[in-house]
Structures are given as C-alpha cells and as structure tokens.
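[1] Turn this into a structure:
(chains A, B and C)
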Amino acid sequence: MNDYLGDVAALARKDLALELRARDTLPAMVLFVLSTLVVFHFALPRDAGDEAAYGLLWVAIVFTALLGLSRAWVPESRDGAIDALVLATRDRSAIWVAKTLAALAFLAVAELVALPAFALLFAPLDAAAVAGAALASIGLCVVGSLAAALASAGRGREVVLPLLVLPLSIPLVVGGVGASISPQAGDYLLFLGVYDAVFAILSWASFEYVITE
Amino acid sequence: MTQTRPSLPVLAVGSTALMSAALLAIFFVAEQDADQGLSQKIFFFHVPIALTAYACFGLGAWKALRVLWTRGERYDLESYTAIHQGTIFGALTLITGCIWAKASWGVWWTWSSNQLVLFLVLFLFYCAYFMLRFSVEDGPRRERVSAVYALFGVALIPVSFFAIRLANDFIHPTVFTREGPQMTGRMFLAFSVAWAAIFALAYVMYRVELAGKRTDAHLRELREALAR
Amino acid sequence: MTAAEKYVAATYGVVFLFVLVWVAIMAAKLARLERETAELAQLARERQADG
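    Numbering: from 1, shown residues only, chains lettered A, B, ... in the order given. This next block holds a predicted model:
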C-alpha cells in the first residue's frame, strides 16, 4: 500500500513540478475562466435572473477543466513517456490517481480565482454552492483523467477529449447548479457524491485496460 | 464458429411474422384510446424502440466486459455492433419521441420529458463512442478503449436519469404527465407483441451487421495470407 | 387526413425509412464484400497456377 501511495505521490509531484517550471497551463486556465465569465455578462439578457448566471458559471468551469485536462496529458504523449511511466509503476491505476489529483489541484486554483470573481460580478455563492463546486470538480477530474487517457489512444486527442467529457459532465452541471440555487441543496450534494464514488471506482478499475498497448 | 443460437434466416422470418402480427394488433386489435385518440398508436412503437435501444446498450456493455476479461476479438465486434444498433434505435427514439410530443402536446421538443432528455444525453454519449473508436488504430488497444467507454455508458444511464429528475426541480416543468397511459388488456397485448417485434427486428439487424463485420475481418485475414 | 393520422403515419413511416436506409447501406457493404471476395479468389487462382 505504501508503495502505491508512494507512486501516486511521486507522479503527482512530477506533474506539479513540471507545471511550476513551465507555468503554461495554470495561468491559461485562470485567464480562460475569467474571460469566459466576462463574455457571459454580455451573453446574458438584461433581465436574466441570478439563476441563469449560475448555469453559466458551470459552463465556464467545465470548459476550464477541459483545458487543464488536455494539457495534463501532453507531456506523456511525447517520446513514449507514457510507456516509461507504465513500466515504472507496479499498479498502473496509480497513474490515474496521480493525474486526477494533479488536474484537481490545477482546477482548484482556477476556481479559487473564478468563484470569488463570479460572486463579485454576478451573484453570491453560499456554502452549499462551494461544496457543490468542490464535489463536481472532483467528478470532472475523475472522469476527465480517464477520458484524456482514452483520447490519447488515438489521433485528434484535442477534439475527442471534449466530446467524451461533455455528456459525462451533464450530471455534474445539474448537481453544481442545483446545489447553488435549490433549497434542497443537500439532495444535489448527495447526488454529486454518488456520482464521484461511482465514476471514481469505474475509472480507477478500468484505467489499467486503457493505458496498456 | 459454434452456432447454438438460431440461424439467421429463421430469425428473419420470425421477425417478419412478429412485425406483421404487431401491426395487426396495434391497428385492429387494440382499441382507440379515449383520451388521446389515434395519436396514442405512436406509443406502441416509440416505447418499444426506446426499450430496445437500452437493451442494445446493455448488450454492448456486457460484450465489452467480455472483451476486457477474455480479450477476444469476436466480443469487440459484437460490442461495437450492439452499440451501433443502440444508436440507430436511439435516434429513432428521439425522432418518434418528437413526433409523439408534437401530437400530444403541440411542441416538437420539451425538456420536461425525462425519457427524451435522457435519450438525448445518451445519444450524444454514444455518438462520441464512434468518434473515439475511429480515432484509434485497429488492434487490441482499440478494443479495450471502446470496451471501457461502453461500460461508462451503462453507468451513465442511471446517473443521468437521476440527474435529469433532479434538474426538473429547477427547470420548472409545465404540467406534462409522462406517457404512461392506462392500458386495457387488448392494448397491453398489442404493446407486448410490438415490443417483441421491434426487439426481434433489432436482433436480426444486429446479426446481419455482425455477419458483415466478421466477413470483413476474415477477408482481411485472407488477403494478408494470400499476399505473402 | 387529420393531424393525428399524419403523425401516426409519420412515426411508422420513419421507422420504415430507417430500416430501408439500413438495408441500402448493408447492400452497399455486401457489394463491396462480393468484389473483394472475387479479387481474393482471383489471387488464389493465380497462386495455384504458379504452383
């Protein structure tokens, strides 16, 4: 077990270290989400309620996550680095865990900027909304990491990844928006939790089959 | 290849017979619905088509599981064909659903019909299956990648269903009741025969497509063998 | 025809059309398979002639 966690930590640290040095993904994500929010202001009609704004927040988050996810796999797709990773780890699902954690870290930083900006520009966010954001972000990274691995197997990775993630993200958007605006936010948070659990197990178990040649 | 299952010609004939019986039952045996009138007849095809699509996706996922367990190429072809059929019948579900919506409620689309929305999501998901499959090169990797995605599909079905139910809370649906008419005995008979007929049709299409794909694969092998 | 009759006809018609289109696609595929099999048969014949 310690070996497994050690592998995960090492791999996650590698991704984070790469990002700290290159500093290209995270600033892009932050700028992207802020720009998208501003565009949405102009996309909303004057008398649109707060509720429409929450929906658009989630669109922004999903697309920001997609940006981060597609960048997360770029290092591995070059020079057969992924084969080296596969050989280096005892249990390949550790790669998935590490990728998910790294993607989550990036998304969390982007949201640390986006959520306050949203609260400032559009509508307030309560604790349930933030909890919803956290749970849904986990879900996004969980399926997104696996989808990125699926997309990397073929050509046109940048185009295929959004196609795979978007239908899977619909329940997450429902959960996130519901947690923000519904009086029964608890239901939505529970739903998000179930989604995260189900798809985490599924992704973790099936990663092995996706990554090997 | 061992064929303990019924032969394809037999199945095709049986399917034709069932479909004839179904059409007879729908239009001559089942009474006309008192509330909805003639347009209720749409229901006799629309719902079986939807159920058949689910069954196809389920079959695709089951075969996908076999792909991952036993690594047989035959399961990959079967999974792929099943999902292809599911997508065809899924598209049919959406189209007949729109006609049903127009006939019943006067609008071509409504977000408050949970079944239609669920099918839209699934249709998008399974279209992406083909995008994914065609982007990967032929081989065991493609089989495994397709299989994993197919499994995600069936996990998505119940999850999306609940998501859509939850979403209706804040989408404020107008009062459209779901298509669950009270069926008389004769209507239920017609429905059952129709379901069996659509099911049989889907299965025959599945087997025909599968035969085509397998022949394709065999021809490729032959070509490689002869080229040496 | 009343509106209801049109919708019912449209439903069954669409199903029929889908199946017909599928038949057309299968027919094209079968034609291709037939062509390829003939090519391979020719190849095999040549192979046999060469001994």
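[2] element containing B:V148, please.
    Assigned by DSSP states H and E, B:V148 falls within helix B:140-171.
[3] Pull the contacting residues for the residue of chain C found nearest chain A.
    Nearest residue of chain C to chain A, counting by C-beta to the nearest C-beta: C:F18, 22.8 Å away. Every residue, glycine included, has its C-beta placed from N, CA and C. C:F18 makes contact with B:I88, B:A91, B:L92, according to C-beta atoms under 8 Å, 6 or more residues apart in numbering or on different chains.
[4] Any idea how far the helix holding B:V148 is from the middle of the chain?
    Distance of helix B:140-171 from the chain centroid (C-alpha atoms, centre = their mean, to the nearest Å) equals 15 Å.
[5] now for the helix or strand just after it, which elements pack on it?
    With elements assigned by DSSP H and E, the helix or strand that comes after helix B:140-171 is helix B:185-227. Judged by 3 or more C-beta pairs under 8 Å, 6 or more residues apart in numbering or on different chains; DSSP states H and E, helix B:185-227 is in contact with helix B:8-24, helix B:41-70, helix B:73-105, helix C:3-50.
[6] could you redo those as a markdown table and give each row mean pLDDT?
    As requested, these are exported to a markdown table (pLDDT from 0 to 100):
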| stretch | mean pLDDT |
| --- | --- |
| helix B:8-24 | 90 |
| helix B:41-70 | 93 |
| helix B:73-105 | 92 |
| helix C:3-50 | 90 |
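[7] mind putting those helices in a markdown table, distance to A:L163 included?
    Output for these, formatted as a markdown table (distance: least, C-beta to C-beta, whole Å):
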| stretch | distance to A:L163 |
| --- | --- |
| helix B:8-24 | 34 |
| helix B:41-70 | 18 |
| helix B:73-105 | 14 |
| helix C:3-50 | 23 |
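[8] Quick one, which of these gets closest to A:A53.
    helix B:73-105 (29.5 Å; C-beta to C-beta).
[9] Which secondary structure element is home to A:S137?
    Counting by DSSP H and E, A:S137 is found in helix A:127-152.
[10] Give me the buried positions along that helix.
    Along helix A:127-152, these residues count as buried under the neighbour rule (16 or more other C-beta atoms under 10 Å in any protein chain shown): A:128-129, A:131-152.
[11] now that helix against helix B:140-171, angle please.
    160 degrees (axes from the mean of the first three to the mean of the last three C-alpha atoms, to 10 degrees).
[12] Check which helices and strands the helix or strand following helix A:127-152 sits against.
    Sequence-wise, the next helix or strand downstream of helix A:127-152 (DSSP H and E) is helix A:157-181. Helices and strands touching helix A:157-181, as assessed by 3+ C-beta pairs under 8 Å, 6+ apart, comprise helix A:50-72, helix A:127-152, helix A:185-211, helix B:114-135, helix B:140-171.
[13] Check which helices and strands the second one sits against.
    In terms of contact count using 3+ C-beta pairs under 8 Å, 6+ apart, helix A:127-152 is assigned the packing partners helix A:50-72, helix A:93-121, helix A:157-181, helix A:185-211, helix B:114-135, helix B:140-171.
[14] Which of those sits closest to A:G6?
    That would be, of these and by C-beta to C-beta, helix A:93-121, which comes in at 8.8 Å.
[15] residues contacting A:L11?
    A:L85, A:T89, A:A94, A:I95, A:A98, A:K99.
[16] min pLDDT across those, which one?
    Least confident of these in the model: A:T89, at 70.
[17] Can you tell me the closest non-neighbouring residue to that residue?
    Spatial nearest neighbour of A:T89, excluding adjacent residues (C-beta to C-beta, 6 or more residues apart in numbering or on different chains): A:D7 at 4.8 Å.
[18] hang on, that neighbour packs against A:A98?
    Yes: counting by C-beta atoms under 8 Å, A:A98 is a contact partner of A:D7 at 7.5 Å.
[19] B:E209: neighbour count?
    B:E209 has 21 neighbours, counted by other C-beta atoms under 10 Å in any protein chain shown.
[20] In contact with it, which residues are there?
    Contacts for B:E209 (C-beta under 8 Å, 6+ apart) come out as B:T81, B:H84, B:Q85, C:M26.
[21] quick one, what contacts the closest residue to A:V130 other than its chain neighbours?
    Excluding its sequence neighbours, the residue lying closest to A:V130 (C-beta to C-beta, 6+ apart) is A:L115, at 6.7 Å. Each residue near A:L115 by C-beta under 8 Å, 6+ apart is listed here: A:L125, A:V130, A:A133.
[22] Need those in TSV (columns: distance to A:L104 and pLDDT).
    Below are the contacts of A:L115 laid out as TSV (distance: C-beta to C-beta, whole Å; pLDDT from 0 to 100):
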residue	distance to A:L104	pLDDT
A:L125	19	85
A:V130	15	91
A:A133	12	92
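[23] Closest to chain C out of those?
    A:A133 (42.5 Å).
[24] where in chain A is pLDDT low?
    A:75-80 (pLDDT under 70).
[25] which parts of it sit against chain B?
    A:51, A:143, A:146, A:150-151, A:153-157, A:159-160, A:163-164, A:166-168, A:170-171, A:174-175, A:177-178, A:181-182, A:184, A:187-188, A:191, A:194-195, A:198-199, A:202, A:206, A:209-210, A:212-213 (C-beta under 8 Å from any C-beta of the partner chain).
[26] Count the residues that sit near B:M19.
    If we define neighbours as other C-beta under 10 Å, then B:M19 has 18 of them.
[27] nearest residue to it other than its sequence neighbours?
    B:A197 (4.4 Å).
[28] and that neighbour, how far is that from chain C?
    11 Å (C-beta to the nearest C-beta, to the nearest Å).
[29] show me the contacts for B:A91.
    With contact taken as C-beta under 8 Å, 6+ apart, B:A91 is in contact with B:F123, C:F18.
[30] what do you get for the one 4 residues further on?
    Contacts for B:I95 were tallied using C-beta under 8 Å, 6+ apart; they are C:V14.
[31] so B:G37 touches C:A4, yeah?
    Yes: with contact defined as C-beta under 8 Å, B:G37 counts as touching C:A4 (5.5 Å).
[32] can you pull the contacts of the most centrally placed residue in chain B?
    Among the residues of chain B, the one closest to the centroid is B:A53, at 1.6 Å (C-alpha atoms, centre = their mean). Residues near B:A53 by C-beta under 8 Å, 6+ apart: B:G86, B:F89, B:G90, B:L92, B:T93, B:F119, B:L122.
[33] Could I get the pLDDT score of the last one?
    The one in question is B:L122. At B:L122, pLDDT is 94.
[34] want to throw the contacts of B:E209 into TSV with neighbour count and distance to C:R47?
    Below are the contacts of B:E209 laid out as TSV (neighbours: other C-beta atoms under 10 Å in any protein chain shown; distance: C-beta to C-beta, whole Å):
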residue	neighbour count	distance to C:R47
B:T81	24	33
B:H84	20	35
B:Q85	26	38
C:M26	15	31
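[35] List just the nearest of these to B:K63.
    Checking these one by one against B:K63 (C-beta to C-beta), the nearest turns out to be B:T81, at 8.7 Å.
[36] who's in contact with that closest one?
    Contacts for B:T81 (C-beta under 8 Å, 6+ apart) come out as B:Y206, B:E209, B:L210, B:K213.
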